[in-house]
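Trainee: Build the 3D model from these lines:
(chains A and B)
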Number of protein chains: 2
Amino acid sequence: MSRAPSLPPAARAVLDHDRRSLARLISQVENRDRRVEPVLRALYPHTGHARVIGIAGPLGVGKSSLVNALLRHLRGMGQKVGVIAIDPSSPFSGGSVLGDRIRIDREAGDDGVFFRSMASRGYAGGIASATREVARLLDAYGMDLVLVETVGSGQVDVEIRRVASTSVVVLVPHLGDEVQSLKAGLFEIADVFCVNKSDLPGADGAARYLADMASLSPEEGGRWRPPVVTTSAIGPQGIPELWEAVLSHERFLDSDGRRADGERDRVRAEIGDLVRERFDRRLEATLAEDPKLRALVDEVLRRRIDPHAAADRVFTEIARRA
Amino acid sequence: MSRAPSLPPAARAVLDHDRRSLARLISQVENRDRRVEPVLRALYPHTGHARVIGIAGPLGVGKSSLVNALLRHLRGMGQKVGVIAIDPSSPFSGGSVLGDRIRIDREAGDDGVFFRSMASRGYAGGIASATREVARLLDAYGMDLVLVETVGSGQVDVEIRRVASTSVVVLVPHLGDEVQSLKAGLFEIADVFCVNKSDLPGADGAARYLADMASLSPEEGGRWRPPVVTTSAIGPQGIPELWEAVLSHERFLDSDGRRADGERDRVRAEIGDLVRERFDRRLEATLAEDPKLRALVDEVLRRRIDPHAAADRVFTEIARRA
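Mentor: Below is the predicted model of the structure:
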């Protein structure tokens, strides 16, 4: 698509492969700074090339080392790769816990790699919106692939399905009983299973178990059965096989209009998340500023009205102003 | 407060200490079934007696055994206690992973105890709303205390501060490096630290470390410094001391209007969560039903408009209908 002459300078800088502009825009997206919105909107017609691949799993399964090995493999194949690592963080301190410091060696002056870690602060929809928009900036910058690595488990991992076309779930041969129980949720988001740390005892058994579980799902309607790959950071081992498994799912998506269905679902989720963000901003402003509405809180505290009645009044007020 | 003659039968049943009605209403709250709303509203003036205490911490620190020991201690003191255990769960399967099965022995025919586990499905605000409303049902039922136990870490644990007046953060002497990094978020929500499994080596060192961290916060303005208690399920040990630490924070809240400030913050958060739920229902209905809005998704997919433009149109449409 040709570049419109009216493109904002920051948007043009991304298309012109300016790394510092890219970094600055990503920070604005991460901070949900609305000034980035016109740039994102101008860049949107220039996106759609990069594939977004999710790498999810519980803490301690070695996702970072795995992503590093995958990155080297993909660079060896000439692919340009962006990495977004979502770190668990406190909504109070706001900062990313693991930080960029330990990752910086991944780039090492290679212009075909861009690494960024983001804190998973705020509500789940917020991180999904930010991840999508950073992925789109990396797409406009010229990356072929965007790997989204989620540290943690549960809600944030599941959000990856709202962003990525293929999700890899990484596990290790032995996890504690309680962490193991979390696998129920991870099982449902997996397009590919990766049993990492395959040098540990029990790896083959874990892989067989996952393959058995995957084969239980009905084959009818051409449903996808997640392949199981074993990998190890020692060597490393199994990385080409892991990537081949990802590509096999991507090829599956390209058959029978499945990719279009997935994209439709993701765009619908994206619009929903953005509408929710708009409403949240309005709600916070309304609750913070309007003395009439602040007085409602006192009435609830005195038990003159109940919280649902107060919520109805606030909702009506926000709608009236919109 | 006298019971109004117009009280819905289900609300009257809770005030009349009907255990089965209570259980049924809690299920409705958990499912965000709107039919429970009139009951909650009618009961609201009959609540405000029970104190809500949060017990948070990472997986595997022994929170369930600790809560069991605390429950026995509190029952021995004649306190009636409700327990809400929030379990990690998959938003897809919806079910609670750990389940009620393993907890049922806690009640053992004792009418002064009511135990309920809830799945932490949906967005973070949803679980906070459900927890508040279940706590209020337990309050109306006549409980003196409601213990909210959160399994997991991160967002859900932090939500406990929006519900409980005192939050206990439970840790163990040694956690993995990555889990340890999550402590940053947990540190900020703690009113009381509990180093559980004090029979393990390193417990004294961990307690000293936490006490040192707590003493770093400025004393000015009469700020609270979280006490550190060591406990063990073997014995059990340290349970009366743990409860005394909780009560010391509750007494601190009763000085200088601090409790009123906290309640105001919690009511404000509650109204916000309920308004957000109302908006979410409207949004989902709008996205699902309106063909004009569904066509927007296609325009975004064809890159004729961008997701932010689509979100603006949906937001305007919802406000117009409200």
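Trainee: Please give me every residue in contact with A:Ser198.
Mentor: A:Pro173, A:Thr230, A:Thr231, A:Ser232, A:Gln237, A:Gly238 (C-beta atoms under 8 Å, 6 or more residues apart in numbering or on different chains). Just so you know, the C-beta spots here come from the backbone N, C-alpha and C atoms, and that holds for glycine as well.
Trainee: For the first one, list the residues it contacts.
Mentor: Think A:Pro173. So A:Pro173 contacts A:Val195, A:Lys197, A:Ser198, A:Leu200, A:Pro201, A:Gly202, A:Ala203, A:Gly205, A:Ala206 (C-beta under 8 Å, 6+ apart).
Trainee: Which residue, other than its chain neighbours, is closest to it?
Mentor: A:Gly202 (3.7 Å; C-beta to C-beta, 6 or more residues apart in numbering or on different chains).
Trainee: which phi and psi does the one you found have?
Mentor: phi 100, psi 0 (degrees, to the nearest 10).
Trainee: I'd guessed it sits against A:Leu171; true?
Mentor: No: distance between A:Gly202 and A:Leu171: 11.2 Å, which falls outside the contact criterion (C-beta atoms under 8 Å).
Trainee: Those two: which has the busier surroundings?
Mentor: A:Leu171 (25 against 14; other C-beta atoms under 10 Å in any protein chain shown).
Trainee: give the contact list for the more buried one.
Mentor: Contacts of A:Leu171 by C-beta under 8 Å, 6+ apart are A:Gly57, A:Pro58, A:Val61, A:Lys183, A:Leu186, A:Phe193, A:Cys194, A:Val195, A:Asn196, A:Ala206, A:Leu210.
Trainee: quick one: which of these has the most company?
Mentor: In the contacts of A:Leu171, the most neighbours by other C-beta under 10 Å go to A:Cys194, 31 neighbours.
Trainee: Let me know the secondary structure of that one.
Mentor: strand (DSSP: H, G, I helix; E, B strand; the rest coil).
Trainee: can you check the one 3 residues further on too?
Mentor: Assigned state for A:Lys197: coil (three-state reduction, three-state DSSP).
Trainee: And for it, the neighbour number?
Mentor: The burial count for A:Lys197: 23, using other C-beta under 10 Å.
Trainee: So it is in contact with A:Gly62, correct?
Mentor: Yes: contact between A:Lys197 and A:Gly62 holds when scored by C-beta under 8 Å: they sit 5.8 Å apart.
Trainee: So for those two, which residues contact both of them?
Mentor: A:Val172, A:Ala233.
Trainee: Would you reformat the contacts of A:Pro173 as CSV and include pLDDT?
Mentor: Below are those laid out as CSV (pLDDT from 0 to 100):
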residue, pLDDT
A:Val195, 92
A:Lys197, 89
A:Ser198, 89
A:Leu200, 85
A:Pro201, 84
A:Gly202, 82
A:Ala203, 85
A:Gly205, 83
A:Ala206, 81
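Trainee: Now do the same for the residue lying farthest from the centre of chain A: its pLDDT.
Mentor: Each residue of chain A has a distance to the centre, and by C-alpha atoms, centre = their mean the biggest one is for A:Arg304: 43.8 Å. A:Arg304 carries a pLDDT value of 94.
Trainee: Helix or strand for it, just tell me which one.
Mentor: Here A:Arg304 is covered by no helix or strand, with elements defined by DSSP states H and E.
Trainee: Run through the residues that contact it.
Mentor: Counted by C-beta under 8 Å, 6+ apart, A:Arg304 has zero contacts.
Trainee: Give me the phi and psi angles of it.
Mentor: Per degrees, to the nearest 10, the backbone of A:Arg304 is at phi -80, psi -40.
Trainee: quick one: it from A:Ala310, how far?
Mentor: 10 Å (C-beta to C-beta, to the nearest Å).
Trainee: correct me, but A:Ile305 touches A:Glu299?
Mentor: Yes: counting by C-beta under 8 Å, A:Ile305 sits close enough to A:Glu299 to count as a contact (4.9 Å).
Trainee: Show me where chain A dips below the pLDDT cut-off.
Mentor: A:1-5, A:88-108, A:120-126, A:151-158, A:175-187, A:216-221, A:290, A:322 (pLDDT under 70).
Trainee: so what are the domain limits for it?
Mentor: A:1-46, A:48-256, A:271-321 (automatic domain parsing).
Trainee: could you dump these to JSON lines with distance to B:Glu250?
Mentor: Listed next are these as JSON lines, based on distance: least, C-beta to C-beta, whole Å:
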{"stretch": "domain A:1-46", "distance to B:Glu250": "36"}
{"stretch": "domain A:48-256", "distance to B:Glu250": "22"}
{"stretch": "domain A:271-321", "distance to B:Glu250": "18"}
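Trainee: for these, which one ends up most surrounded?
Mentor: Mean neighbour count (mean count of other C-beta atoms under 10 Å in any protein chain shown) peaks for domain A:48-256 among the domains of chain A, with a mean of 19.
Trainee: Can you find which helix in chain A contains the most residues?
Mentor: helix A:258-289 (DSSP state H).
Trainee: following that one, which helix or strand comes up?
Mentor: Going down the chain from helix A:258-289, the next helix or strand is helix A:291-301, by DSSP H and E.
Trainee: That following helix close to chain B?
Mentor: Yes: legend: contact between helix A:291-301 and chain B by C-beta under 8 Å from any C-beta of the partner chain is shown at A:Leu296, A:Val297, A:Asp298, A:Val300, A:Leu301.
Trainee: The first one contacts A:Ala310, correct?
Mentor: Put plainly, it is A:Leu296. Yes: here A:Leu296 reaches A:Ala310: they are 4.7 Å apart, a contact under C-beta under 8 Å.
Trainee: residues shared between the contacts of those two?
Mentor: B:Ile271.
Trainee: follow-up on the earlier one: quick one: the longest helix of chain A near chain B?
Mentor: Yes: if you take C-beta under 8 Å from any C-beta as the test, helix A:258-289 does meet chain B, through A:260, A:263-264, A:267-268, A:270-272, A:274-280, A:283-284, A:287.
Trainee: what's that helix packed up against?
Mentor: helix A:124-141, helix A:239-253, helix A:291-301, helix A:307-321, helix B:258-289, helix B:291-301, helix B:307-321 (3 or more C-beta pairs under 8 Å, 6 or more residues apart in numbering or on different chains; DSSP states H and E).
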